[in-house]
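Visitor: Need the 3D shape of this:
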Amino acid sequence: MPGHDVFAINLYHRLGASEGNFFFSPYSVATALAMVYGGARGETARQIAKALHLSSDATKVHSAFKMWQATLEQIERRGYIRLHTANALWPDTTHAFLEEYLELARKYYGVEITPVDFRDGRATAALINAWIADKTAGRITDMVSSNIDPLTRLILANAIYFKGSWAEPFDMDETRDLPFHVSAGKTVSVPMMIQERTFRYAETPEVQMLELDYAGGDLAMHIVLPRAIDGLDRIEAGLSSTTLAQWQMRLGTRDQVHAYIPRFSVDSMFPLDTTLKALGITDAFEFGKADFSGMDGTEWFFIGQALHKAFVEVNEEGTEAA
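Guide: Below is the predicted model of the structure:
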């Protein structure tokens, strides 16, 4: 989708500002915000569209997300990998929502709509957490606290689950502990997967890039490695959708590539309120400024909280993510 890479990179820069490893799904965040955008009006809608780099034509925006999800479903139907997405709305039973908005959510995002009573926070949280755990094969749990504000009128969610095997799996017997440079002054020992074969590979004076195909050939992982041990900060500072596209265009078949890739898993949790505000979505979080009249015909709604939780594991067999 045009503009999605720009949003993804902008989100990456914000979330990567703190120390440590992290993992996130810009597709999941964008999809959730697109469903919110469907009920936004005026300046609130303009800010969301600008941050996500969406078209000014709302119908085209929602149609594009529908086509994107259909593409992912088509890939899964081929049977090589598991890749499914799900969207849901939990409206409060005491609040009337516009049928126009609910129909938009059904038509373009295939949402499951389940009315709940937010005064019963424990039961509502259990229901929503069970849905999320089911849609992510148990990898994402306890997303919603039982301490839900009883004045909440709507919870909206996107969930993704992916499990794919490498087209050419790594030999577990070849994996061994080797040094990994965290920084110029810090090295740790990690289980390193090793493979020598023909890969799609690219290099510049600053980085090396490797492509790892998943079974079926529809999807691949791209790994970018700074050439300098202390080069990650510089690479991240200059990262943009343009530089990423330039690196990918350089990929070509290369024989006898020696690939050394750490076996790893990352589990991340982000409160996105501050991050989204920094990207320009400010009115949506402020009572009196937010305009979500497209949801219920009033201007009382605002976003009270935005959360994102993500998991990934990469090993000799492939990748699992949620």
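Visitor: Now the closest residue to Tyr260 other than its chain neighbours: phi and psi?
Guide: Using C-beta to C-beta, 6 or more residues apart in numbering and skipping residues adjacent in sequence, the residue nearest Tyr260 is Met192, 5.1 Å away. Bear in mind the C-beta positions are built from the backbone N, C-alpha and C, glycine included. Main-chain torsions, Met192, degrees, to the nearest 10: phi -100, psi 120.
Visitor: From here on, call the first residue 3.
Guide: From this message on, residue numbering opens at 3, which makes the last subject Met194.
Visitor: what about Met194, neighbour count?
Guide: Counted with other C-beta atoms under 10 Å, the neighbours of Met194 add up to 18.
Visitor: I figured it hits Phe266, correct?
Guide: No. Met194 is beyond contact range of Phe266, at 10.3 Å (criterion: C-beta atoms under 8 Å).
Visitor: Determine the next helix or strand in the C-terminal direction from whichever helix in the chain runs longest.
Guide: If you go by DSSP state H, the chain has its longest helix at helix 60-79. Using DSSP states H and E, the helix or strand that follows helix 60-79 in sequence is strand 84-93.
Visitor: Show me what that following strand is in contact with.
Guide: Under the contact criterion C-beta atoms under 8 Å, 6 or more residues apart in numbering, strand 84-93 has outside partners 30, 33-34, 37, 71, 74-75, 77-78, 99, 104, 107, 111-118, 126, 129-130, 133, 137, 155-166, 221.
Visitor: Pull out the buried members of these.
Guide: 30, 33-34, 37, 71, 74, 77-78, 99, 104, 107, 111, 113, 118, 126, 130, 133, 137, 155-166, 221 (16 or more other C-beta atoms under 10 Å).
Visitor: Those residues in helices, which ones?
Guide: 30, 33-34, 37, 71, 74, 77-78, 104, 107, 111, 126, 130, 133, 137.
Visitor: Chain neighbours aside, what residue packs nearest to Asp7?
Guide: Among residues not flanking Asp7 along the chain, Ser243 sits closest, at 3.8 Å (C-beta to C-beta, 6+ apart).
Visitor: is it true that the one you found touches Ile11?
Guide: Yes. Contact criterion C-beta under 8 Å: Ser243 and Ile11 qualify, at 5.3 Å.
Visitor: Thr255 bridge partners, please.
Guide: Thr255 has these beta-bridge partners by DSSP bridges: Arg202.
Visitor: give the contact list for it.
Guide: The neighbourhood of Thr255, defined by C-beta under 8 Å, 6+ apart, consists of 200-203.
Visitor: Kindly state the pLDDT recorded for it?
Guide: We have a pLDDT of 97 for Thr255.
Visitor: same check, this time on Asp175
Guide: Asp175 is given a pLDDT of 97.
Visitor: Confirm it sits in a helix?
Guide: Yes. Assessed by DSSP: H, G, I helix; E, B strand; the rest coil, Asp175 belongs to a helix.
Visitor: Could you check how many residues crowd around it?
Guide: Around Asp175 there are 8 residues (other C-beta under 10 Å).
Visitor: Tell me the spacing between it and Thr33.
Guide: Asp175 sits 40 Å away from Thr33, taking C-beta to C-beta, to the nearest Å as the criterion.
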